[in-house]
Structure formats: C-alpha cells, structure tokens
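> how would this look folded up:
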Amino acid sequence: MRFALIATAAAAAIAIPVAVQASGPSMSGDDFVQAVRCAAYDSAIEAQAAAAERARLNLEAQRQSPEAVLRAHNEVNTVQAEARAVANPRDAAMMRAERAAACSPAHVAAGQGNPDAA
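Modelled structure (predicted):
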C-alpha cells in the first residue's frame, strides 16, 4: 500500500509540471504574431507552402492570449489584402521582399518559417 502511494505521488510530481508546460504558450505573443505573419506570406506567395506550419500555429493560437490571436488575425488579413493587390511582377517582387523581412531569423524564432522556401 505504501509503495502504491509513493509511486502515485512520484508520478504526480512528474506529470503536473509537464501538463502545465504543455498547456501554456510555447512562444511569446510577439513571436507568435511574427510567425503567423511569416506563414501568411508563405501561403500568399506559394499556395501549398507551409500547411504544417499553419496547423502548428493554429494549435499555438489556442494557447495564446486573445490579444495576440487578434493581432495575428489582423496580420493575416493584411497579407491577404496585399496578395489580392498584386497586379504586376514589381508588386510580386515587393511581396517577396516583405516575406523575406517577415521571415528573417531576427524576427522569427528558431525553427519557424523559412525565407528560402520560395
């Protein structure tokens, strides 16, 4: 009986911090918004690009504050509006430059976004 109690207590001591970490955001709100902006540019430039990244960011959105999610949603809307406005090769080049800036390592945490994907 004592062994079961000790084993249960030890399992709880390990499981609780893991569960708390899993339920919290894995990135800051600003990093989340920047990663969403990068993924939005990837999607706008290359329609099939970044499907896995979008899925990961959708899961992360459930952990983020409502303010960060709203900011990210506004970034996606902005990028989509820019994509709809592309009318010539110069506009497309400007959009690729915006994507490179949005997805630069200085703006996006390691492992998120890839400015060389296009």
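> Secondary structure class of residue 105, three-state.
Under DSSP: H, G, I helix; E, B strand; the rest coil, residue 105 falls in the coil class.
> Quick check: it vs residue 38, distance?
11 Å (CB to CB, to the nearest Å). Where C-beta positions appear, they are placed from N, C-alpha and C, glycine not excepted.
> between these two, who's got more neighbours?
residue 38 (28 against 10; other CB atoms under 10 Å).
> so that one touches residue 102, yeah?
Yes: if you go by CB atoms under 8 Å, residue 38 and residue 102 touch, sitting 4.8 Å apart.
> Which neighbouring elements make contact with the strand or helix carrying residue 92?
Secondary structure from DSSP states H and E places residue 92 in helix 89-102. With contacts taken as 3 or more CB pairs under 8 Å, 6 or more residues apart in numbering; DSSP states H and E, helix 89-102 sits against helix 29-45, helix 66-84.
> Mind listing what's buried along the last one?
So the one you mean is helix 66-84. The neighbour-count check on helix 66-84 (16 or more other CB atoms under 10 Å) flags 68, 69, 71, 72, 75, 76, 79, 82, 83 as buried.
> Same list (the residues you listed) but as TSV, adding distance to residue 60 and pLDDT.
Shown next, in TSV, are the buried residues of helix 66-84 (distance: CB to CB, whole Å; pLDDT from 0 to 100):
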residue	distance to residue 60	pLDDT
68	9	93
69	9	93
71	13	94
72	9	93
75	14	92
76	14	91
79	18	89
82	23	87
83	23	85
